[in-house]
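>>> pasting the structure only:
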């Protein structure tokens, strides 16, 4: 199974947002927040395009985790799923400058913890719709991920992996949080700080 780690990593580097944006003649890394992820695609191209990117990015994590689960249970799902997340966040194909990892990590959760993902999805939508800030919704959900897993009886390995994924997502959002404090964070519905 460990021979598949590089494959899972390369799967994670698949540039979903860049390809969707390029079809419309746009460069997602140079517009909006500059982040190659679903939220920035929503700002630039609308919800339908954002949903496509979301599903593609989730698919990367879900496929990797599902293969790992079939080969070696939860441990395998974690190994290959985390490799895909790292590929998305630190893609060698783009000088290790990738997305925030939210959707790809959600894909892993969809395979290992589908109920937890469903709860977090409701929380994410509620916060994003209420505050028009994807970054706040993502950070809150990342922090809640290992907490909910713990409350549902997760073991040490579960907490280690979910805590690690949460840490990656939160750290990748530091720049968003700094902009938020300065009142410069972009809203989901457009390029106006303070509102979506």
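Alright, I've got the coordinates. No experiment lies behind these values; they were computed from the predicted model shown.
>>> go through the chain and flag its longest helix.
Taking DSSP state H as the assignment, the helix of the chain that covers the most residues is helix 47-89.
>>> and that helix, what does it pack against?
Judged by 3 or more C-beta pairs under 8 Å, 6 or more residues apart in numbering; DSSP states H and E, the packing partners of helix 47-89 are helix 5-12, helix 16-23, helix 38-45, helix 102-112, helix 156-172. (Each C-beta comes from the backbone N, C-alpha and C, glycine too.)
>>> how close does residue 97 sit to residue 89?
Distance from residue 97 to residue 89, counting by C-beta to C-beta, to the nearest Å: 9 Å.
>>> next one: stretch 32-52 to chain centre, how far?
13 Å (C-alpha atoms, centre = their mean, to the nearest Å).
>>> circling back: mind checking the helices and strands packed on helix 47-89 for the one nearest to residue 52?
Checking these against residue 52 by C-beta to C-beta gives helix 16-23 as the closest, at 5.7 Å.
>>> list the buried ones in that closest one?
16, 17, 18, 20, 21 (16 or more other C-beta atoms under 10 Å).
>>> which elements pack onto it?
helix 38-45, helix 47-89.
>>> go ahead and confirm residue 28 touches residue 43.
No - the pair residue 28 / residue 43 is not scored as a contact, 9.5 Å apart, by C-beta atoms under 8 Å.
>>> okay, the two: which has more neighbours?
The residue with more neighbours, out of residue 28 and residue 43, is residue 28; 28 against 22, by other C-beta atoms under 10 Å.
>>> any idea how far the more buried one is from residue 36?
5 Å.
>>> so what's in contact with these two at the same time?
Listed as contacting both residue 28 and residue 36 by C-beta atoms under 8 Å, 6 or more residues apart in numbering are 17, 18.
>>> centroid-nearest residue for this protein?
By C-alpha atoms, centre = their mean, the chain has its centre lying nearest to residue 102, at 1.6 Å.
>>> so what's that residue closest to, chain neighbours aside?
residue 138 (4.7 Å; C-beta to C-beta, 6 or more residues apart in numbering).
>>> mind checking the pLDDT average for the host helix or strand of that neighbour?
According to DSSP states H and E, residue 138 maps onto helix 134-151. What helix 134-151 shows for mean pLDDT is 96.
>>> residue 18 contacts residue 36, correct?
Yes - counting by C-beta under 8 Å, residue 36 is a contact partner of residue 18 at 5.5 Å.
>>> now residue 56: how far from residue 17?
Separation of residue 56 from residue 17 (C-beta to C-beta) stands at 8 Å.
>>> run the chain-centre distance for the helix or strand bottoming out on mean pLDDT in the chain.
One helix or strand of the chain scores below all others by mean pLDDT, DSSP states H and E: helix 174-181, with a mean of 87. Chain-centre distance of helix 174-181: 17 Å, with C-alpha atoms, centre = their mean.
>>> list the buried residues in that helix.
176, 180.
>>> ok, now stretch 62-70?
Going by 16+ other C-beta under 10 Å, stretch 62-70 has these buried residues: 62, 63, 64, 65, 66, 67, 68, 69.
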